[in-house]
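> My questions are about this predicted structure, shown below with the sequence.
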Amino acid sequence: MENKHQVLLFDRLQENYADFLAEWSALDPVELIEKSEQIYATRLVKERLLRYVDEDQAEWFLRFQNPLEIVRDKWIEENGMEMVHDEDFSHAVWSVMDCQDTGSLYAPAPGVQPAPDRDEPVTVREFFERHPNVSFEMMTPCGFVSLKPEKAKLLLSGQSVKGHPGYIEYAMEITADELLSQEVIRANFSDDVWHMLSAEIREMNQEPLTLEQEVTMG
């Protein structure tokens, strides 16, 4: 997958947030009020960070066990509860990466290994199973496919879906086996939707798709 580090960072942020939720659930109301700024900033960073992080920056953040905490702390330091501006978020990311103390202040991710140039393909099935309860907008060799969370679950259970070449009236049936066995080439998350590009599984020695090939798929 071309943007594998961004996808991995998304998963890491979800794990970090789940840990924070467990921590907050054990607090009494007074403690929760005292942590209101921290809770606000944590949710904000989880929801928006990936909009401001490219593939190289995502790889850098994956060196740490809790990148959500790192950017949250920097956001509070620079902005607190102020209105969110794009340049403020970009600056927080830059500040974290530019600070020489970041590596000593925050725990590294356990067992981090350099990623190979080309990983084994991630199938659509594997991607869906890793990311439940969200919607998907897909560009596939069979056409465009839109799936709400409940429809994605039905697809995983073996139910076919509809795909179209750009016009709904020309929609055609795509079997679960055909779609789920494809390789995820690219996936970007925004507004609770994964926007995905998929293709038939390539041999490991084949060249990645070019932009022109991607545009003419289907």
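That came through, no problem. Keep in mind it's a predicted model, so treat the numbers as computed, not measured.
> Mind jotting down where the helices sit in the protein?
Along the chain, the segments classed as helices by DSSP state H run 4-25, 29-34, 36-48, 55-61, 67-78, 86-98, 102-105, 124-130, 149-156, 176-180, 211-215.
> what does the longest one rub up against?
Identification of contacts with helix 4-25 by Cβ atoms under 8 Å, 6 or more residues apart in numbering yields 1, 32, 35, 39, 42-43, 45-46, 49-50, 53-56, 58-59, 61-62, 66-69, 109, 115, 119, 122, 130-131, 187-189. In this view, the C-beta of every residue, glycine as well, is placed from N, C-alpha and C.
> Ok, which of the helices of the chain comes nearest residue 164?
The stretch from the helices of the chain with the least distance to residue 164 (Cβ to Cβ) is helix 176-180; that distance is 13.5 Å.
> buried residues in that closest one?
176, 178-180 (16 or more other Cβ atoms under 10 Å).
> what does stretch 65-83 contact?
Against stretch 65-83 from outside (Cβ under 8 Å, 6+ apart): 9, 12-13, 16-17, 19-20, 37-38, 40-42, 44-46, 49, 61, 64, 88-89, 91-93, 95-96, 102, 106-110.
> Pull out the buried residues from those residues.
So, by 16+ other Cβ under 10 Å, the buried ones in the contacts of stretch 65-83 are 9, 12-13, 16-17, 20, 41-42, 44-46, 49, 61, 64, 89, 91-93, 96, 102, 106.
> For residue 193, the count of nearby residues, please.
Counted with other Cβ atoms under 10 Å, residues neighbouring residue 193 total 15.
> per-residue confidence at it?
The model reports residue 193 with a pLDDT of 93.
> now it, nearest residue through space, not along the chain?
Leaving aside its chain neighbours, residue 193 sits nearest to residue 135 (4.6 Å; criterion: Cβ to Cβ, 6 or more residues apart in numbering).
> dump the residue contacts of that neighbour.
Counted by Cβ under 8 Å, 6+ apart, residue 135 has contacts 146-149, 152, 192-194.
> And residue 194, by the same measure?
127, 131, 134-137, 187-188.
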